[in-house]
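Participant: Any chance you could fold what I've pasted below:
(chains A and B)
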Amino acid sequence: MKDTKIISILRSRVVTAVMIVAAVAVVGVRLSASGDHRHDTRPGTRAASLDPLQGLKEAWQLVERARLVIYESGERPAPGTIPTFNHARETVSRAEAELAAGRPPEALDLMARAREMLKLAVQVASSEITNDFIEKRLSGIDELRLEAQNLASVCPAPGVRELMGRGDERLQLARQDTKAGRLDYAEAEATIARELYERVIEICAR
Amino acid sequence: MREVITQCAAWLAALLLLSCASSKPASDTSARESDRSARTAPAPELVSSADARFIARHAAILEALSPLDSAAVTDPRAVDARSIMAGAEEMYLRGRTEIALELLGEAEAALKRGD
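Facilitator: Presented below is the predicted three-dimensional model:
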């Protein structure tokens, strides 16, 4: 009788233990699976592969754009802007030297640092995008447009009229975005319009 | 009696564990929540991912523009694309990477126009 009771207790304990072990195992497997999934889909963990030579060209292009944005207003840039910009430019030169010496990882690292410096320089130097700022820019672009229009009317180069048309479209979009309060977009459209008119002037002056 | 209670408690614990395991992982719902809030405050990984996308696409467009730039006759597509790129670059430098990416898409479309 006593033996039967002991066996019954032992059996129930074994069943309980098996159940708990099974449940813990299921939970463990699920948790590890969800961990793998998260690891696979997390954005930004894998760096985009960039050809170092393309990266260098891209970095120099951003140096030039930053220079234009910083000096565009014609006013003296905020203190600290010029040293930061110069440091960024020197960093891209160092990246170029590293690349020439056959050290692409170091070059890419320097390019990444230079980009951050350029962003900092532009954000410190450039004015806040307000309605007044955009209006002032647009009136300056209107003058540029007139000059481009005069040249385009007597310019035989192919595609110039098409480019004038594109410039006008962008200028109109800039005005619409300003009215709608989309000031960042207005600023971008104004830059595109200005670039188009400047290219027309450049092409027709050749 | 004690034996029955112990066994019931064990079964209950096992069932609770199994139900927890079979329910949807919490990360699914929190991911949806974070998607919604991403519009106002992008996570650092997303910011760096947008940055990496801008750099890769910007470099690729510059590469595609190279042969058009060196052509003797100015290609209006290249001028158009370059002008859009100027807007994209400015937005990128001002920290408006999402707008910059939209403009890169327009520059890509400008290059494909007439192909």
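
Participant: For residue A:154, give me its contacts.
Facilitator: residue A:204 (C-beta atoms under 8 Å, 6 or more residues apart in numbering or on different chains). Quick note: C-beta positions are derived from backbone N, CA and C, even for glycine.

Participant: Need the distance between the two termini of stretch A:121-134.
Facilitator: Separation of the first and last residues of stretch A:121-134 by C-alpha to C-alpha, to the nearest Å is 20 Å.

Participant: So residue A:102: helix, strand or coil?
Facilitator: Secondary structure, DSSP: H, G, I helix; E, B strand; the rest coil: residue A:102 is coil.

Participant: what's the burial count for it?
Facilitator: Per other C-beta atoms under 10 Å in any protein chain shown, the neighbour tally for residue A:102 reads 8.

Participant: Name the residues of the helix or strand where residue A:139 lies that are buried.
Facilitator: Here residue A:139 sits within helix A:131-152, counting by DSSP states H and E. Within helix A:131-152, the residues that count as buried by 16 or more other C-beta atoms under 10 Å in any protein chain shown are A:133-134, A:137-138, A:141, A:144-145, A:148, A:151-152.

Participant: contacting residues around stretch A:111-124?
Facilitator: With C-beta under 8 Å, 6+ apart, stretch A:111-124 has contacts from A:55-56, A:58-59, A:62-63, A:66, A:69-70, A:77-78, A:80-81, A:84-85, A:87-89, A:91-92, A:95, B:55, B:90, B:92-95.

Participant: Out of the residues you listed, which end up buried?
Facilitator: Buried among the contacts of stretch A:111-124 (16+ other C-beta under 10 Å): A:55-56, A:58-59, A:62-63, A:66, A:69-70, A:77, A:81, A:84-85, A:88-89, A:91-92, A:95, B:55, B:90, B:92-94.

Participant: Tell me how far the residue nearest to residue B:82 when sequence neighbours are not counted lies from chain A.
Facilitator: Leaving aside its chain neighbours, residue B:82 sits nearest to residue B:65 (6.5 Å; criterion: C-beta to C-beta, 6 or more residues apart in numbering or on different chains). Separation of residue B:65 from chain A (C-beta to the nearest C-beta, to the nearest Å): 10 Å.

Participant: Around residue B:65, how many other residues sit close by?
Facilitator: Around residue B:65 there are 19 residues (other C-beta under 10 Å).

Participant: Any buried residues in the strand or helix carrying it, and which?
Facilitator: Here residue B:65, judged by DSSP H and E, is contained in helix B:44-69. For helix B:44-69, burial by neighbour count (16+ other C-beta under 10 Å) applies to B:46, B:48-62, B:65, B:68.

Participant: After the helix or strand containing residue B:81, which helix or strand is next? Please name it.
Facilitator: Element membership for residue B:81 (DSSP H and E) is helix B:76-93. On the C-terminal side of helix B:76-93, the closest following helix or strand by DSSP H and E is helix B:97-112.
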